[in-house]
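Here you go, sequence then predicted model.
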Amino acid sequence: MGNKGKVRASHILVQKHSDALRIISRLNEGESFDKLAKEFSECPSRKKGGDLGWFARGQMVKEFERAVYDMNVGQTTHDPVKTKFGYHVIRRTG
């Protein structure tokens, strides 16, 4: 693929740490990331189930980028990732 060095991720953005933890626990119980993103995320990407598409280093805020690049494809963050926008539950999709 022509995406060398790029990653693809989806996320759910909320303002409260407790909400992010609740979403992670629902994901762990087998609920759909797509469905939870559409229901809870405060990011416009919610319409696409949280999909942010492909991006390279330097395109996302540092904390978010670090988390995504440390994950394997298909993995979801165990803990919410805090940025200036709020708390992210992130799944690396590519």
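Alright, I've got the coordinates. Numbers count the residues shown, from 1 in each chain.

Can you give me the buried ones in the longest helix seen in the chain?
Taking DSSP state H as the criterion, the chain has its longest helix at helix 17-28. For helix 17-28, burial by neighbour count (16 or more other C-beta atoms under 10 Å) applies to D19, A20, I23, I24, R26, L27. (Glycine included, C-beta is placed from N, CA and C.)

tell me the pLDDT at the second one?
Meaning A20. Looking at A20, its pLDDT is 98.

ok, and the closest non-adjacent residue to it?
Nearest residue to A20 in three dimensions, chain neighbours excluded: P80, at 3.4 Å (C-beta to C-beta, 6 or more residues apart in numbering).

What ranges does this protein have for its strands?
Using DSSP state E, the strands of the chain run over 7-14, 51-55, 81-83, 86-92.

May I see those organised as JSON lines, with distance to L36 and mean pLDDT added?
Compiled in JSON lines, the strands of the chain are given as follows (distance: least, C-beta to C-beta, whole Å; pLDDT from 0 to 100):
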{"stretch": "strand 7-14", "distance to L36": "6", "mean pLDDT": "98"}
{"stretch": "strand 51-55", "distance to L36": "13", "mean pLDDT": "97"}
{"stretch": "strand 81-83", "distance to L36": "16", "mean pLDDT": "98"}
{"stretch": "strand 86-92", "distance to L36": "8", "mean pLDDT": "98"}
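
export these to a markdown table and tack on distance to E63?
A markdown table is the format used below for the strands of the chain (distance: least, C-beta to C-beta, whole Å):
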| stretch | distance to E63 |
| --- | --- |
| strand 7-14 | 12 |
| strand 51-55 | 14 |
| strand 81-83 | 5 |
| strand 86-92 | 8 |
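
Perfect, that will be all.
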